[in-house]
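Engineer: What follows is a predicted protein model with its sequence.
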Amino acid sequence: MFAIPGKQAVTITDAAVRQIAKLMDRDGHQGLRIGIKKGGCAGMEYTMDYVTEVDKHDEVVEQDGARVMIAPMAQMFLFGTEIDYETTLLESGFRFRNPNVADACGCGESIKFKDIDELSAEREA
């Protein structure tokens, strides 16, 4: 894992905290699990699923009643990401501001991550 002692893997904005807490209260889940999977025109996509049980390998981030679990295979790709929740005239949803993304598709639904060696070098610096 790429965690830095004393530093959370991801940060959650107040808007995202409110939305996650609302989803947890409404549906009785333990939180949201964030991961990544292959897909989309840029190669990878974020995933979000309700969690009924916390996996012992998940990185757990808790803030003001909101809980996010980061799937083990996604931890190194999501480290340093800010999770936000935005509402616009046309849509609303979670947004990821991820410093590990090298490129994204035009629709914003898929991403390409920096090379593994590049990610490791940035974390060591």
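Structural biologist: Structure's in. What do you need?
Engineer: And the residue sitting nearest the centre point of the chain, how close does it get to residue 89?
Structural biologist: For the chain, the residue nearest the mean C-alpha position is residue 34 (5.0 Å; Cα atoms, centre = their mean). Distance, residue 34 to residue 89, by Cβ to Cβ, to the nearest Å: 26 Å. For glycine as for every other residue, the C-beta is placed from the backbone atoms N, C-alpha and C.
Engineer: Do I have it right that the residue nearest to the centre of the chain meets residue 46?
Structural biologist: Yes - between residue 34 and residue 46 there is a contact at 6.6 Å, judged by Cβ atoms under 8 Å.
Engineer: list residues touching both of these two?
Structural biologist: Residues touching both residue 34 and residue 46 (Cβ atoms under 8 Å, 6 or more residues apart in numbering): there are none.
Engineer: Can you check what pLDDT the model gives the residue sitting furthest away from the middle of the chain?
Structural biologist: Distance from the C-alpha centroid of the chain peaks at residue 89, with 23.8 Å (Cα atoms, centre = their mean). If you check residue 89, the pLDDT there is 90.
Engineer: how much space is there between residue 36 and residue 26?
Structural biologist: 26 Å.
Engineer: What residues sit buried inside the helix or strand containing residue 93?
Structural biologist: Using DSSP states H and E, residue 93 sits within strand 92-97. Residues of strand 92-97 classed as buried: 94-96 (neighbour count, 16 or more other Cβ atoms under 10 Å).
Engineer: Among residue 36 and residue 26, which residue is more densely surrounded?
Structural biologist: Taking other Cβ atoms under 10 Å, residue 36 and residue 26 do not tie; residue 36 has more neighbours (20 against 8).
Engineer: Where does the more buried one fall, secondary structure wise?
Structural biologist: For residue 36, the host element (DSSP H and E) is strand 31-38.
Engineer: repeat for residue 76
Structural biologist: helix 75-78.
Engineer: go on, residue 41?
Structural biologist: Here residue 41 is assigned to no helix or strand, by DSSP H and E.
Engineer: so what's residue 91 up against?
Structural biologist: Applying Cβ under 8 Å, 6+ apart, we find residue 91 in contact with no residue.
Engineer: Residue 34 versus that one, what's the distance?
Structural biologist: Applying Cβ to Cβ, the value for residue 91 to residue 34 is 19 Å.
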